[in-house]
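Trainee: Give me coordinates for this.
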Amino acid sequence: MSTHKPDKEPAKSAVPDRGESTGLMEPMLVSESSGRRTQLADLSVELAAKSAAFRHSLPRGVLISLARLVRSMNCYYSNLIEGHDTHPIDIERALKHDYSADPKKRDLQEEAIAHIAVQEWIDEGGLNGRATMQDGIIEVHRRFCELLPTDLLWVENPDTKERVEVVAGKLRDRDVAVGRHVPVSPGALPRFLTRFEESTQSSPRPAPTTACFGFTRSWMEMAALRGSCPMPCSGKRSTPRAFGPSRAALPATRRPTSNILLPVTCSAATIWTVAAR
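Mentor: Here you go, the predicted structure:
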């Protein structure tokens, strides 16, 4: 049972808000009083410096090719974690518009193309400093979903078999389950997203590695966007329902799709080594 006290005044909206405290997703940054903060900051600065030096040492042609390779690699492993096994060869074929005749396999190839396209947009500065802001996060979701095949834009409640459409760029309006975790009520999302923004906008820019994991935990707590497994919920977050593997923020059908928001949140800290779905 969580020890966090509910906010005094739950937000009034058409969707249920059970008044959960935004403290549920804290801490998002390493505390200034932490004895390891300086050490972590030094290591992250060193990592960023070495990464920048390596980048600038490469000829432009090699840099472009390497970036493409890394995006494909991230796409493969990210989706593999979700149970979407799209072989690297099939990803390369899809990049050349060579799609499988098998509908399910083709869907996964199109999902991979969507993942790579949105990651490239992010890498080229598409978010423009909005990586941890609500409008930037929603735009990533919208762009990704708009590129997905129709069959991957539906999720199913394993208990009731109800099918729910994933709407591009829309916050969820019902309770969901993420594995064994039951995220906050849908009406609480605006409050949580506001707190998420405040933690990165009002404080000094956090060092990459000291911010990344806190941000990831925050997203798991919110599961903000349409695409997580829908579920009937009594409102008791202490008794989560196990619906099998699921992902916090992105769309899915047989299982949720890619991790694109993870690298997105980390990119605010100038790092996305974990792949962003």
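
Trainee: List the buried residues of stretch 62-70.
Mentor: By neighbour count, with 16 or more other C-beta atoms under 10 Å as the criterion, the buried positions of stretch 62-70 are Ala67. (Each C-beta comes from the backbone N, C-alpha and C, glycine too.)

Trainee: One more: stretch 37-44?
Mentor: Buried positions in stretch 37-44, judged by neighbour count with 16+ other C-beta under 10 Å: 40-41, 44.

Trainee: tell me the helices in this structure, going along the chain?
Mentor: Counting by DSSP state H, one finds helices in the chain at the ranges 37-57, 60-81, 88-95, 103-123, 134-146, 189-201, 208-222, 261-267.

Trainee: List just the one of those helices that sits closest to Gly169.
Mentor: Closest to Gly169 of these, according to C-beta to C-beta: helix 134-146, at 3.0 Å.

Trainee: Could you list the buried residues of the closest one?
Mentor: Applying a neighbour-count criterion of 16+ other C-beta under 10 Å, the buried positions in helix 134-146 are 134, 136-145.

Trainee: Repeat that for stretch 94-107.
Mentor: Using 16+ other C-beta under 10 Å as the test for burial, stretch 94-107 gives 94, 99, 105-107.

Trainee: and if you look at stretch 188-197?
Mentor: The neighbour-count check on stretch 188-197 (16+ other C-beta under 10 Å) flags 188-189, 191-193, 195-197 as buried.

Trainee: And Pro186, how close does it get to Leu24?
Mentor: Here the distance between Pro186 and Leu24 works out to 15 Å (C-beta to C-beta, to the nearest Å).

Trainee: tell me the pLDDT at Arg180?
Mentor: Per-residue confidence for Arg180 comes out at a pLDDT of 79.
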